[in-house]
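Peer 1: From the sequence below, what's the structure:
(one chain, ligands or ions: 1)
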Amino acid sequence: MDKSKRDGTRCILTFHAHPDDESSKGPATIHLASKSGVRTVLVCATGGEEGDILNPALNVQETKDNLADIRRQELFDAASAIGYSQVYFLGYRDSGMQGTESNNNPLSFNMADLDEASGRLVEIIRKEKPQVVISYGNEQQSYPHPDHIMTNKVVLRAFEDTGDPTKFTQFGPSFQPLKLYFTVWAKQRILEMHETYLRLGLDSPFDSRWLERPVPESEKVTTQIDISSSAHIRREALLAHKTQIDPNSKFWFGLPPDVLDNLYPYEDYHLYKDLTNRKELPDIETDLFDGIL
Ligand SMILES: [Zn+2]
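Peer 2: Here you go, the predicted structure:
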């Protein structure tokens, strides 16, 4: 599609840390948006080079030797199942889990210069012109992966920089997205899943760490997307990450598919920045483009 055509098109850009994050956080929202004609753009900060091979069937030397290429292909497969129009890599190396040696690799996202990383994202935002940007919240105590924390920092900076005509002039005229959302794993969803495991006589993967965790400000649900017609897409997309997701994982697939798809058919978001100038904000938004003409 040429650029002039794209200028008037609705576009959502999601910014994730690793291949597979796009499949666990909001895949059905993107699937539905894509089906309704919205252009959907995925930006992945790293190549996932430090990912553990969690599928025992693929935990062999050949997989380890080629993990970067394999994960790249897995991401393309998942993005295609979800319905993404375009995938970009920001070009950084996976920083590994908190406290590991890889945190200090000069190529890692963790060590990236914030200005430079913001510039890479601004270049994509100005090219794609999304009205809606989705990424990660400010409080990430529950999963303090350095790349997830950096993803948040970079998106906050880039959301400001891209609208500033004095910044990154080499990437064209400024463009300001109107909304910045954070993906949320709603407490209600976790509680309902936990109760369903128990009701079916299954071991719940959710322990007190999950169940008693207070909900931080940037995870308060402002926006709830009904994904009941596309709930299955999360499973399909996760399974595309063959090395990262164990098809027998109790965490992801412990509930029968029809039960899981129906027990909480929503994906939740926190609207962090809203530049739409709406006169009234709904109590709970049900459309990411609410307030955008
Ligand atoms: Zn991740």
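Peer 1: how far out from the middle of the chain is stretch 276-290?
Peer 2: 21 Å (Cα atoms, centre = their mean, to the nearest Å).
Peer 1: From start to finish, how long is it in a straight line?
Peer 2: Distance between the boundary residues of stretch 276-290 (Cα to Cα, to the nearest Å) amounts to 9 Å.
Peer 1: ok, now stretch 58-67?
Peer 2: End-to-end distance for stretch 58-67, by Cα to Cα: 11 Å.
Peer 1: Same question for stretch 214-233.
Peer 2: With Cα to Cα as the measure, the first residue of stretch 214-233 is 29 Å from its last.
Peer 1: now swap in stretch 196-212 and tell me
Peer 2: Termini of stretch 196-212 sit 17 Å apart (Cα to Cα).
Peer 1: Identify each buried residue in that stretch, please.
Peer 2: Within stretch 196-212, the residues that qualify as buried are 196-197, 204, 210, counting by 16 or more other Cβ atoms under 10 Å. C-beta: built from backbone N, CA, C; applies to glycine.
Peer 1: From the residues you listed, pick the one nearest the ion.
Peer 2: Out of the buried residues of stretch 196-212, the one with the shortest distance to the ion is W210. That distance is 17.2 Å, counting by Cβ to the ion.
Peer 1: Once you drop chain neighbours, what's closest to that closest one?
Peer 2: Closest residue to W210 apart from its sequence neighbours, by Cβ to Cβ, 6 or more residues apart in numbering: I190 at 5.5 Å.
Peer 1: Please apply the same query to P257.
Peer 2: Once its chain neighbours are removed from consideration, P257 has its nearest residue in R235; the separation is 6.4 Å (Cβ to Cβ, 6+ apart).
Peer 1: Tell me the spacing between that neighbour and I245.
Peer 2: Using Cβ to Cβ, to the nearest Å, one gets 10 Å for the distance from R235 to I245.
Peer 1: One more: D203?
Peer 2: Counting by Cβ to Cβ, the gap from D203 to I245 is 19 Å.
Peer 1: again with A237
Peer 2: When Cβ to Cβ is the yardstick, A237 and I245 sit 9 Å from each other.
Peer 1: The two: which is more packed in?
Peer 2: A count of neighbours by other Cβ atoms under 10 Å puts A237 above the other of A237 and I245, at 28 against 23.
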